[in-house]
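>>> The amino acid sequence is not available; the structure is as follows:
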């Protein structure tokens, strides 16, 4: 009985070396691809960070804008009264001291002003406290003499008659046609330093006019 032996096919040496070289190149390519896939994306990193221009714009928007003036201002009145008046404002307050502000108003029209009103920003009281009278024991004690006062209202807004928030309104009664009203307002010093603020002269909630312009003036206290 004959047993057949497997036939060995001889492979040339150059083919073996070629196969080994191909395998080595394949492994090197896989390793390179794996390494590149683990590197961070440069484009992704740039898109995730804010641009210099965006950062500059954000910083500029966050800065507070400086105010144009240190004056305490009032909101614009909603209406006006055509009754013409003339006025004079005297500031009798020395630097660092108390005193008074005197307002003289004359009705140049033929109609009565039902209630003459002075208005200023409430924040004025942080420097000088404006009041229509000087507090006294006579005014606050029980059983004292009847309280006699010329003023008709003293309101920190918002008020029931439309007085705006952040304002103080002092009513001084009616002003007859052709009449003149002298209003002394006491100014008690609370803090040192000058102050500048708006003052309006109104008929109720309607601003009065002088020479055709609304009476909306600026008061300077040293």
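Sure, I can see it. Bear in mind that the values here come from a model prediction, so they are computed numbers and not experimental data.
>>> separation between residue 213 and residue 123?
Distance, residue 213 to residue 123, by CB to CB, to the nearest Å: 25 Å. Where you see a C-beta, it was placed from the backbone N, CA and C, and this is true even at glycine.
>>> those strands in the chain, which residues are they?
Secondary structure of the chain (DSSP state E): strands at 79-93, 99-107, 116-121, 128-131, 153-156, 167-171, 180-189, 195-203, 206-210, 213-214, 216-221.
>>> what residue ranges in the chain score low on pLDDT?
1-69, 135-149 (pLDDT under 70).
>>> and the closest residue to residue 179 other than its chain neighbours, what does it touch?
Counting by CB to CB, 6 or more residues apart in numbering, residue 107 is the residue found nearest to residue 179 once chain neighbours are left out, at 5.3 Å. The contact partners of residue 107, taken as CB atoms under 8 Å, 6 or more residues apart in numbering, are 83, 85, 113, 175-180.
>>> Could you do residue 184 as well?
Contacts of residue 184 by CB under 8 Å, 6+ apart are 100-102.
>>> returning to that earlier point: what's the spacing between the residue nearest to residue 179 and residue 185?
19 Å.
>>> again, but for residue 177
Where residue 185 is concerned, residue 177 sits at a distance of 24 Å (CB to CB).
>>> Comparing those two, which shows the higher neighbour count?
Between residue 177 and residue 185, counted using other CB atoms under 10 Å, the more crowded position is residue 185 (20 against 12).
>>> in the sheet, who's paired with the more buried one?
Going by DSSP bridges, residue 185 is paired in beta bridges with residue 101.
>>> Please determine how far it is located from residue 75.
21 Å.
>>> quick one on the thing from earlier: pick the most deeply packed of the strands of the chain.
strand 116-121 (a mean of 23; mean count of other CB atoms under 10 Å).
>>> what's the angle between that one and strand 206-210?
100 degrees (axes from the mean of the first three to the mean of the last three CA atoms, to 10 degrees).
>>> now strand 116-121 and strand 195-203, what's the angle there?
Using the same axes, to 10 degrees: strand 116-121 against strand 195-203 is 150 degrees.
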